[in-house]
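Asker: Sequence and predicted structure below; questions after.
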Amino acid sequence: MNIKRAKEEIKNTIEAYLLKDNYGTYEIPAMRQRPVFLMGPPGVGKTQIMEQIARECQIGLVAYTITHHTRQSAVGLPFITDKEYGGKQYRVTEYTMSEIVASVYNKIESTGLSEGILFIDEINCVSETLAPTMLQFLQYKTFGNHRIPEGWIIVTAGNPPEYNKSVRDFDVVTLDRIKLIHVEPDYEVWKAYAYEHEVHPAVISYLNARTENFCRIETTVDGKFFATPRGWEDLSSFIKIYERLDKKPDRDVVGEYIQYPKIAKDFANYLELYYKYRG
């Protein structure tokens, strides 16, 4: 599905998960609320829609890119405490609260919103030491000994293995506990977004004529070549700044964002004509 449809599906899922009965209990218990897993190529807008969803649903949002974390920051640090079992004292290892779980509680306190989204990006690219923790998180909604508060929906995102060599395949046990949503690039959806967010006219008009260059990712013997929706949007922002500085981006500048030489050259030539005939 395209990113617009994926956004609608996530909003519908949140509405269903947060529905309560007459006694104030969630109709779908927290343990049965499957985490959402958005799977799709880089740059299609998986991360960008989360703030929109949280704002439109009037709930909180805590977002993390999990590859920036170690096992300690995700699970918590160990400490020794004294416990009594059967009348005898023992020294036992426990763990401090995970930074991620603590961030959810901090968001609740700072906003007063008891319900929200915990968004974890690049969920399938964790390190070997953190992988078991992520599987536990997806299956049981816990980091270490600490559970995600009820009312907080888990949404995750990741790239397919053909786009990222660090991807780890989930086993069937894990896949059977998540809501998997495949997201594909859709130019018509992006174009509506581009007009709304004032993407540079040259980018939009070029892609109208060269729609096939909107999202292209190829791996060859010479390396990886790609043009993504994110790249076009970031290039647009840079072009507008260059214009304010009375500068014109050349092929090299375009290539810093559109890392597909043939497409970068084609757009650079188009941009030169755009400036010439714009007057």
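Answerer: Looks like it arrived, so ask away.
Asker: all helices for this structure, in order.
Answerer: 3-17, 49-57, 71-75, 99-111, 131-140, 172-175, 187-196, 201-209, 229-244, 251-255, 261-278 (DSSP state H).
Asker: out of those helices, deepest packed?
Answerer: helix 71-75 (a mean of 19; mean count of other Cβ atoms under 10 Å). Quick note: C-beta positions are derived from backbone N, CA and C, even for glycine.
Asker: Residue most distant from the centroid, the protein?
Answerer: G87 (49.7 Å; Cα atoms, centre = their mean).
Asker: which stretch in the helices of the chain is the model least sure about?
Answerer: For the helices of the chain, mean pLDDT drops lowest on helix 71-75, to a mean of 69.
Asker: who touches A16 in this structure?
Answerer: 27-28 (Cβ atoms under 8 Å, 6 or more residues apart in numbering).
Asker: Check the spacing between it and E9 real quick.
Answerer: 11 Å (Cβ to Cβ, to the nearest Å).
Asker: and what of A30?
Answerer: Distance of A30 to E9, given as Cβ to Cβ: 20 Å.
Asker: Can you report how many residues lie near K224?
Answerer: K224 has 11 neighbours, counted by other Cβ atoms under 10 Å.
Asker: hang on, it packs against P261?
Answerer: No. Under the criterion of Cβ atoms under 8 Å, K224 makes no contact with P261, lying 11.7 Å away.
Asker: And P29, its phi and psi?
Answerer: According to degrees, to the nearest 10, the main-chain angles of P29 amount to phi -60, psi 150.
Asker: tally of neighbours for it?
Answerer: Neighbour count for P29, taken as other Cβ under 10 Å: 10.
Asker: State the pLDDT value of it.
Answerer: Looking at P29, its pLDDT reads 88.
Asker: How about the contacts made by it?
Answerer: P29 neighbours (Cβ under 8 Å, 6+ apart): none.
Asker: how near is it to F137?
Answerer: 17 Å.
Asker: Same check on P35?
Answerer: Counting by Cβ to Cβ, the gap from P35 to F137 is 8 Å.
Asker: Return every residue with contacts to both of the two.
Answerer: I154.
Asker: Which residue lies nearest the spatial centre of this structure?
Answerer: Here the mean C-alpha position of the chain is nearest to the C-alpha of T47 (Cα atoms, centre = their mean), at a distance of 3.4 Å.
Asker: how about that one, what does it touch?
Answerer: For T47, the contact set (Cβ under 8 Å, 6+ apart) comprises 63, 119, 121, 157.
Asker: Please apply the same query to E272.
Answerer: K248.
Asker: measure stretch 247-265 end to end?
Answerer: One end of stretch 247-265 sits 18 Å from the other (Cα to Cα, to the nearest Å).
Asker: what's next to that stretch, contact-wise?
Answerer: In contact with stretch 247-265 (Cβ under 8 Å, 6+ apart) are residues 210, 213, 216, 218, 224-227, 231-232, 234-235, 238-239, 242, 267-268, 271-272, 275.
Asker: Got the domain ranges for this protein?
Answerer: Domain ranges of the chain: 3-72+99-182, 187-278, per automatic domain parsing.
Asker: now these in CSV, with distance to T81?
Answerer: Listed next are those as CSV, based on distance: least, Cβ to Cβ, whole Å:
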stretch, distance to T81
domain 3-72+99-182, 12
domain 187-278, 46
